[in-house]
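Colleague: kindly return the folded structure for what I paste below:
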Amino acid sequence: MAATSTQMIGVIASLLAVLLHIFTNIGTTFTSTFLPKLYFVEALSASTGQSIRYGVYNSCLFKSDSLQSCTKTAIGYSYVSISIPATQAKLHQAGGIIIFLAAILAMVSLLGGAAVGHFQRHNAPRAIAAGTALASLLATCIGIALNIYSYWTTLAMAQSAVQGLSYRWGPTLGTLAAAGFCLIIALVAYIASCFSRRDRTRDSFPLYDYEFGHDNRHYY
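Modeller: Residues are numbered from 1 along each chain as shown. Okay, the predicted model is just below:
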């Protein structure tokens, strides 16, 4: 029972991580009512009243919070509106690719946890779920770090060259951090499920001598 409950906690946490990663990945990619508001960072120009919101796969131009246009969506896209050094551009591209991989790994972790119900006697699904949860967690943290560093250094350079330029961080950092927290819970739950099953298997043993219908008397 303990193994089942902890495994279910892992599945729920993995599901939440997948949903958060989905919202992170589709932010700014569709011109809907709320998706353009999911972005990493927003660069604002005081002189023009325009701003650029940078997401995982593209960027969008706004004027007074009204969407004007968006760049073509691509995994590992590069800044097209800001002139930046090649190092920052490569780090930004790597960050986008790693976040995409983190979402895929979170999905695999969810599938591994869900498969435990069909393979109760095997620890392989639990091991796969735990391993991919750990890999997704590491990829999420690396993706966050790369994007923060690339945006922070790039916009600091842009501020020194463009008067009236400011920037603010967007909700995508929050969704990624929340996804990482869910992955930590999933990882702990899957590992606990593995050990709970091992303890339960070790503590159980057949009592053949005490089956009903047999003479259970012992003579000394």
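
Colleague: where along the protein do the strands fall?
Modeller: For the chain, applying DSSP state E gives strands covering 41-45, 50-54, 59-63, 66-70, 165-169.

Colleague: how much space between the closest residue to L16 other than its chain neighbours and L20?
Modeller: The shortest distance from L16 to any non-neighbouring residue, by C-beta to C-beta, 6 or more residues apart in numbering, is to C182 (4.5 Å). Where you see a C-beta, it was placed from the backbone N, CA and C, and this is true even at glycine. C182 sits 7 Å away from L20, going by C-beta to C-beta, to the nearest Å.

Colleague: which residues do these two both contact?
Modeller: Counting by C-beta atoms under 8 Å, 6 or more residues apart in numbering, no residue touches both C182 and L20.

Colleague: same for the top helix by length along the chain, what does it pack against?
Modeller: Determined from DSSP state H, the single longest helix within the chain is helix 124-161. Packing partners of helix 124-161 (3 or more C-beta pairs under 8 Å, 6 or more residues apart in numbering; DSSP states H and E): helix 2-26, strand 41-45, helix 86-114, strand 165-169, helix 172-203.

Colleague: please repeat the previous calculation with a cut-off of 6 Å.
Modeller: Applying 3 or more C-beta pairs under 6 Å, 6 or more residues apart in numbering; DSSP states H and E, one finds that helix 124-161 contacts helix 86-114, strand 165-169, helix 172-203.

Colleague: returning to that earlier point: Throw the strands of the chain into TSV and include mean neighbour count and distance to T132, thanks.
Modeller: Output for those, formatted as TSV (neighbours: other C-beta atoms under 10 Å; distance: least, C-beta to C-beta, whole Å):
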stretch	mean neighbour count	distance to T132
strand 41-45	19	29
strand 50-54	22	28
strand 59-63	18	30
strand 66-70	12	32
strand 165-169	15	28
